[in-house]
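>>> Sequence and predicted structure, then a few things I'm wondering about:
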Amino acid sequence: MRENDLIARHFRLTPVQTAALRKLGLITIRDLLYHFPARYEAQGSDASARELVPGTKVTLYGTLSKLKAKKLWKSRRAVTEGWFEDATGRVKCMWFNQPYIASYVSEGSFVRLAGTVGGSGKSPYIANPEFEVVPRGSVPNGLFVEEARSQKLDARSSVLPVYPESRGVTSLWFYHAIKRILEDGAHKEIADPIPEDIRKKYHLPDVWTALVWTHAPEKNEHAEAARKRFAFEEIFIMQTARAQERALNDAQAPFLISNGETHAEKFLASINFPPTRAQSCAIVDILKDFSGSHPMARLLEGDVGSGKTLVAAAAAYTVVHSRPTGRTSGTLQVAYMAPTEILATQHFQSFIEYFRHLPINIALITGSGCWKFPSKVSRGKPTAISRVQLLKWVENGEIAMVVGTHALIQKSVKFRNLALAIVDEQHKFGTKQRRALTKKSSYAPHFLSMTATPIPRTLALTLYGDLDISVLDELPPGRAKVTTRIIKKEDRAGAYESVRRELREGRQAFVVCPRIEEPDPEKMNALQAKSAKAEAKHLQKDVFPEFKVGLLHGAMAQKEKDHCMQEFAAGKIQVLVATSVVEVGLNVPNATVMMIEGAERFGLAQLHQLRGRIMRSSHPPHCFLLPETFGQVSSKRLRALEKSSDGFKLAEADLETRGAGDLLGRRQWGISDIGMEALKNPRLIQAAREEAFALVREDPALRRYQELAARAASVSGAMHSE
Ligand code: ADP
Ligand code: MG
């Protein structure tokens, strides 16, 4: 067996298993080895049904039958009863408040069952046992299930790994498959990406030991040490990729931007409000970068409404006032990329407002058309132009600023002197697109990324570790404060009445739901989150028949989404029911209400961002949180939102109470669960970062660290948008 072999070469897989493994992203033997247990169970000793001692923890192998759901006569509690049977005898099992269990397993399924024996010695039973169906023929080695019993789970080990499952591949399948790989010794082929001296320094086991300790731990401490090692490994590899990206950036010669301070001052004097202290600091950071020896690589983090556009505009202003080196005419160019057409159009309009007095051309390029300002015929207005025309003017330098969507990074777009690339909401783009944009120039352009996504510092360092960071930690004065209220079930009607009052005044409302689709009738027992589709219908028909209710969700085509957002922005739709796609900076100052259904399902940072959608209005905004459940933990989290309006503080709080996996909902950061856990540990992040940067400084191409170089190359640019 080799680490690169396909799993299918060594294990007989059913089509269902093949599909399930693919869904988990597991293709090779190596992938299996890096599929880590989600948790460990203290292993009850193997036992047989005849010799059960009350009060002991046991693991049994046999069949489950005669499962029946009923109600207890007195307490009306739901209970499912059934019988477990093995070669030696049988024992009664019961599950409380799990009426659906009977529908999980078919009569006579072979299972591994674990639980604590209750009752008396004469009539024992097992209450609420955990069990796992072992599908016939799925046990590796071609073993049939009856033999699984005899193939005793590792006798030495007292902790049993439990793997993340998918329909068709059980935890037990992983356990046996990985055990076979370890016995075969295939894991010894894996090269250790962490250099030995670093391993020694932080007391980390080598990769072979760690693999064994993860999958077949003899004791808890081993499993923990292995987990710590793999957490370090993942962050260390990501930091190495960031360090290399940074080194590449710093090796390039920058565009010279002359007299930055003078121009920035002039620009700030031309607007009719003073910048906030935070904005001034960010502008100073940028000007410093402009006069440095390498291109700027900076992230501007700031809450919704903190005024990032102004900072970007100040930077753009100084750039278009610089001449290309050695020339007496023409200007350097700026590209500004936004994730949606709506946003691109909004930025185009803001830039026109900021720069209409300047003798420069500003253009907009999107999938559906191109615009230029000023128009030759009616000055002071933008005009539609052809794509061909726009491309020509950008290439010959006549257009100084181009705002656009993804259309900006297409190959056909060429610049004469692109000196500054600005990307709004970078996490929607990913590193690859960013690089595509910065490649459009003879020199490397200065790069400014902007995000309103409040993320904890450890995550920022991991995702954007190649960028310097400026933070806008204050809002411009005089903003209306959002009132945030948690609405109890019985107060829903009252909340709708407050919304109706706003709508009658001519305001608009967002209603955000956690899901797109209607509930799945097969899963009626599970807690059902409200779906945007069903909620839109319901609100239109039963709650707000006198207003127009619209629907916006992530599965809609971009064209449809844009159309819907335009209708909302134009006030043709009064209530917009949406999934969390509205999170992206849609600017509708007339929207003053945000209702969030299933609020406890969202991360605090995400809720805060949603709430930010209604902070632009001069009318007082209202945010209603409508949780489905009122558990202690979730109520505490939501109350934090009632009290605090600092997105970054909320993100840190969320990291502590819920764990990083839940941060910002289920978005893909390209980080595993183990890596996410590591984000709770600032010292680990800092150590991995320092070591990675030191290594790259000393050996930029990582010639002496081939494995590390290969792994870093595979993670750089691997960040996905939603
Ligand atoms: P964001 O950081 O969310 O992109 P914007 O740049 O869209 O925020 O700014 C939000 C609003 O605040 C805009 O209407 C902008 O004109 C205004 N604004 C920005 N800076 C200031 C300031 N220093 N004083 C007053 N208003 C400001
Ligand atoms: Mg913005």
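Noted; the coordinates are in hand. Residues are numbered from 1 along each chain as shown. Ligands and ions are numbered 1, 2, ... in the order given.

>>> In the stretch 351-500 of the chain, what residue comes closest to ligand 1?
Nearest to ligand 1, among the residues of the stretch 351-500 of the chain, is residue 476, at 3.3 Å (CB to the nearest ligand atom). All C-beta spots, glycine's among them, are computed from the backbone N, C-alpha and C.

>>> what about that residue, how many residues close to it?
Using other CB atoms under 10 Å, the number of residues around residue 476 comes to 16.

>>> when you give positions from now on, start the count at 549
Happy to do that; since the first residue is 549 now, the last one works out to residue 1024.

>>> Stretch 936-948: how far from the chain's middle?
On the basis of CA atoms, centre = their mean, to the nearest Å, stretch 936-948 sits 37 Å off its chain's mean C-alpha point.

>>> Residues touching that stretch, excluding its own?
868, 872, 878-882, 908-911, 913, 918, 920, 950, 960-965 (CB atoms under 8 Å, 6 or more residues apart in numbering).

>>> And the residues you listed, which of them are buried?
With burial judged by 16 or more other CB atoms under 10 Å, the buried subset of the contacts of stretch 936-948 is 868, 872, 879-882, 908-911, 913, 918, 920, 950, 961, 963-965.

>>> Now, these that are in helices?
Members of the buried ones among the contacts of stretch 936-948 lying in helices (criterion: DSSP state H): residue 868.

>>> Might you report the residue contacts of the nearest residue to residue 657 once chain neighbours are set aside?
Spatial nearest neighbour of residue 657, excluding adjacent residues (CB to CB, 6 or more residues apart in numbering): residue 681 at 4.8 Å. Residue 681 makes contact with 653, 657-659, 718, according to CB under 8 Å, 6+ apart.

>>> Skip ahead from the lowest-mean-pLDDT helix or strand in the chain and say which helix or strand is next.
Least confident helix or strand, the chain: helix 693-698 with a mean of 40, by mean pLDDT, DSSP states H and E. Remark: after helix 693-698, the chain's next helix or strand is strand 707-710, criterion DSSP states H and E.

>>> What residues of whichever helix or strand comes after that next one count as buried?
Using DSSP H and E, the helix or strand that directly follows strand 707-710 along the chain is helix 719-732. Buried residues in helix 719-732, counting neighbours by 16+ other CB under 10 Å, are found at 719-730.

>>> three-state assignment of residue 655?
Three-state assignment for residue 655 (DSSP: H, G, I helix; E, B strand; the rest coil): coil.

>>> Show me where the stretch 649-798 of the chain dips below the pLDDT cut-off.
682-706 (pLDDT under 70).

>>> and if we set it to 50?
684-704 (pLDDT under 50).

>>> rewinding a little: surely the residue of the stretch 899-1048 of the chain closest to ligand 1 is within a helix?
No - assignment of residue 1024 by three-state DSSP gives coil, placing it outside any helix.

>>> Now for the nearest residue to residue 818 once chain neighbours are set aside, how many residues are close by?
Of all residues not flanking residue 818 in the chain, residue 905 sits nearest, at 7.1 Å (CB to CB, 6+ apart). Counted with other CB under 10 Å, residues neighbouring residue 905 total 7.

>>> re the thing from before, make CSV out of the buried residues of helix 719-732 and add distance to residue 636.
Listed next are the buried residues of helix 719-732 as CSV, based on distance: CB to CB, whole Å:
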residue, distance to residue 636
719, 25
720, 21
721, 26
722, 28
723, 24
724, 23
725, 29
726, 30
727, 26
728, 28
729, 33
730, 31
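
>>> how long is stretch 724-741 end to end?
26 Å (CA to CA, to the nearest Å).

>>> The strand or helix carrying residue 1157 and ligand 1 in contact?
Using DSSP H and E, residue 1157 sits in helix 1152-1160. No - using CB under 6 Å from any ligand atom, helix 1152-1160 stays clear of ligand 1, coming no nearer than 7.3 Å.

>>> contact partners of that helix?
Contacting residues not belonging to helix 1152-1160 are listed as 851-853, 1000-1003, 1030, 1032, 1058, 1060, 1128, 1130-1131, 1142, 1144, 1147, 1150, 1171, 1173, 1185-1186, 1188-1189, 1193, 1195, 1198-1199, 1201-1202, 1211-1213 [CB under 8 Å, 6+ apart].

>>> what lines up beside the helix or strand just after it in the sheet?
Remark: after helix 1152-1160, the chain's next helix or strand is strand 1170-1174, criterion DSSP H and E. Strand pairing for strand 1170-1174, using DSSP bridges, gives strand 1031-1034 (parallel), strand 1139-1145 (parallel).

>>> distance between the lengthiest helix in the chain and the chain's centre?
If you go by DSSP H, the chain has its longest helix at helix 768-798. The chain centroid and the centroid of helix 768-798 are separated by 19 Å, computed with CA atoms, centre = their mean.

>>> and the lengthiest strand in the chain, what does it pack onto?
Of all the segments assigned as strand in the chain under DSSP state E, the longest by residue count is strand 605-619. Secondary-structure packing of strand 605-619 (3 or more CB pairs under 8 Å, 6 or more residues apart in numbering; DSSP states H and E): strand 593-594, strand 626-634, helix 649-652, strand 657-667, helix 693-698.

>>> Of all these, which one is nearest ligand 1?
Between the helices and strands packed on strand 605-619, helix 649-652 lies closest to ligand 1; by CB to the nearest ligand atom that is 47.6 Å.

>>> what comes up buried for the closest one?
Here helix 649-652 shows 649-650 as buried, counting by 16+ other CB under 10 Å.

>>> Fine by me, thanks again.
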